[in-house]
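Chemist: Sequence first, predicted coordinates after that:
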Amino acid sequence: MSSVTFSGLASGIDTASIIESIIELERTPITALEEDQTYLQTKLDTYSQFNTLLEDFNLAVMGLNSADDLNSNKVTNNGSDSFSISATSLAAEGTYAVEIVSLARQQKDLSTTRVADTDTTLLSGELQFGDQSLAYEDLSLSDLMERVNEGDYGLTATLINDGTDSGYRLLLTAATAGEEIEITGTGALTFDTAANGHTVAGTKAHLVVDGIDYYSTSNTVTNALKGTSITLLAESEDGAANVLIESDAEEVIATQLEEIVSAYNAINTSIKTITASDSSLATAMKSVQRSLKTHLTSQPMVALGLSSNWETGELTFAADTFTAAYGEDAEAVKKALLGEGDQGGTMTSLDSYLNDQLDATTGFLVTKENTIDKQISRLDDRIAAMETRIEKRQEMLEAQFTAMETLISSLNSQGDYLTSFFDSYSSLSD
């Protein structure tokens, strides 16, 4: 008699692959949401790159948004190596004779006594700094140095070794150039500046400008010529050197306008590239670009040499046009840029607009970031909810298939029993 079987039900079905395929299919919406998140992150990266270009543009504009920028001066000191000089917009144009008589130097004094070791040799004695005294007992040279530096003696202490085997010496340096402090030392360390003089005598800076003497405790002098800073480098060897201060506003303005045009064109190129791949993504950036272009192609700016190419959208700067306008009326050029009184100019208006766009709380990028972050967060919540549902779905499928396998296994067992029974019955019948 033929056997009773349930072929393949217990072992012929790959239930794990079936579950995996079902789950993979049900994850399709999650994959779509993750792709949406990737796109949102791409948008955010693009906005961030645009914001960087906007910051570069703002830096160029900042070079022309104040009266100081438009009234700058350049300085020539006829190759003198004894000093350097810089000038602000407050400096008066003209030629000046400058001579460096002496540099500012701080008084320095070395101890006569040398100490072999800075940390273990113990010293005792007394130091007198002007009318102040410092008594010390059983201190190392390093500790004594710290004691001087912690006090209010108008001096700084350091340790030096001249490279010989004679040991270390204490070097005292006055805090202020040109100040003289008499120093005496008795005991372990000896000083006597009254008798021996100073190792380096302190002197004030001394310079002569147009025959007038000026003195300073610093080698940077700001009170000799209004609106200037003179840095003393060495004493003059050949007498006074002539310094020429003249306006370089025309050159500065022209250079900054070129930088502004270059920065704008970088924005224009970037937006064209973005538009070619995703026109909707470029919409918000185009709005900002239009505002920038409106400022830069206004009539006052066209008169200064700025113009737009209608085909490419790029700006150009005609230096000849600007030079002619500046030569004809320099004050009118400055007025066009900065305005006058309550009436703002192109650069002040543009500066205000850029401040709004780059504001850390309400600016272009932070607004986009806030919106996109919320969108990504909502997608995270949806994905998490779907993941939870799919996990439960997978658990249910596994339970159902397990139950099915259990049932099939039970049926197979019953089939094996029936087969054995009928085989036994047939044997008895024979």
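Modeler: Here it is on my side, so go on.

Chemist: Would you map the helices across the protein?
Modeler: Counting by DSSP state H, the segments of the chain that form helices are 15-26, 28-62, 67-70, 141-150, 193-196, 249-277, 283-296, 299-303, 319-328, 330-338, 346-357, 364-429.

Chemist: of all the ones you listed, which lies closest to G178?
Modeler: Of all those, it is helix 193-196 that lies closest to G178, at 15.5 Å by C-beta to C-beta. To be clear about C-beta, it is placed using only N, CA and C from the backbone, and glycine gets the same treatment.

Chemist: hang on, V200 packs against R105?
Modeler: Yes: look at V200 against R105 with C-beta atoms under 8 Å: they come within range, at 6.3 Å.

Chemist: how far does stretch 200-212 sit from the chain's center?
Modeler: Centroid separation for stretch 200-212 versus its chain: 40 Å, with C-alpha atoms, centre = their mean, to the nearest Å.

Chemist: what about it, average pLDDT?
Modeler: Averaging pLDDT along stretch 200-212 yields 95.

Chemist: export it as PDB, just CAs?
Modeler: Taking Å, rounded to 0.1, in the frame of the first residue of the first chain, the C-alpha atoms of stretch 200-212 are listed here in PDB:
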ATOM      1  CA  VAL A 200      71.300  99.000  30.400                       C
ATOM      2  CA  ALA A 201      70.200 102.500  31.100                       C
ATOM      3  CA  GLY A 202      66.500 103.200  30.700                       C
ATOM      4  CA  THR A 203      65.600 105.900  28.100                       C
ATOM      5  CA  LYS A 204      62.400 107.400  26.700                       C
ATOM      6  CA  ALA A 205      61.700 107.400  23.000                       C
ATOM      7  CA  HIS A 206      62.700 110.800  21.500                       C
ATOM      8  CA  LEU A 207      61.800 111.900  18.100                       C
ATOM      9  CA  VAL A 208      61.600 115.200  16.300                       C
ATOM     10  CA  VAL A 209      58.800 116.000  13.900                       C
ATOM     11  CA  ASP A 210      59.100 119.300  12.000                       C
ATOM     12  CA  GLY A 211      61.500 120.600  14.600                       C
ATOM     13  CA  ILE A 212      59.300 119.700  17.600                       C
END
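
Chemist: want to throw the helices of the chain into CSV with mean neighbour count?
Modeler: Compiled in CSV, the helices of the chain are given as follows (neighbours: other C-beta atoms under 10 Å):
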stretch, mean neighbour count
helix 15-26, 12
helix 28-62, 16
helix 67-70, 16
helix 141-150, 17
helix 193-196, 12
helix 249-277, 17
helix 283-296, 16
helix 299-303, 15
helix 319-328, 14
helix 330-338, 18
helix 346-357, 18
helix 364-429, 13
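
Chemist: Out of those, the one nearest E311 is which?
Modeler: Here helix 249-277 is closest among these (C-beta to C-beta), at 11.6 Å.

Chemist: Off-centre distance for that closest one?
Modeler: 22 Å.

Chemist: Show me what it packs onto, helices and strands only.
Modeler: When contacts are defined as 3 or more C-beta pairs under 8 Å, 6 or more residues apart in numbering; DSSP states H and E, helix 249-277 packs onto helix 28-62, helix 67-70, helix 283-296, strand 315-317, helix 319-328, helix 330-338.

Chemist: Could you tell me the least trusted of these?
Modeler: Across the helices and strands packed on helix 249-277, helix 67-70 has the smallest mean pLDDT, namely a mean of 84.

Chemist: which residues are contacting that helix?
Modeler: Helix 67-70 has contacts (C-beta atoms under 8 Å, 6 or more residues apart in numbering) with 63-64, 88-89, 249, 252-253, 256, 334, 337-338.

Chemist: now stretch 270-285
Modeler: 43, 46-47, 49-50, 53, 267, 286, 289, 313, 364, 368.

Chemist: Equivalent analysis for stretch 184-194, please.
Modeler: 109, 111-113, 115, 123-128, 144, 170, 172, 181-183.

Chemist: Among the contacts of helix 67-70, which has the minimum pLDDT value?
Modeler: Lowest pLDDT among the contacts of helix 67-70: S89, 84.
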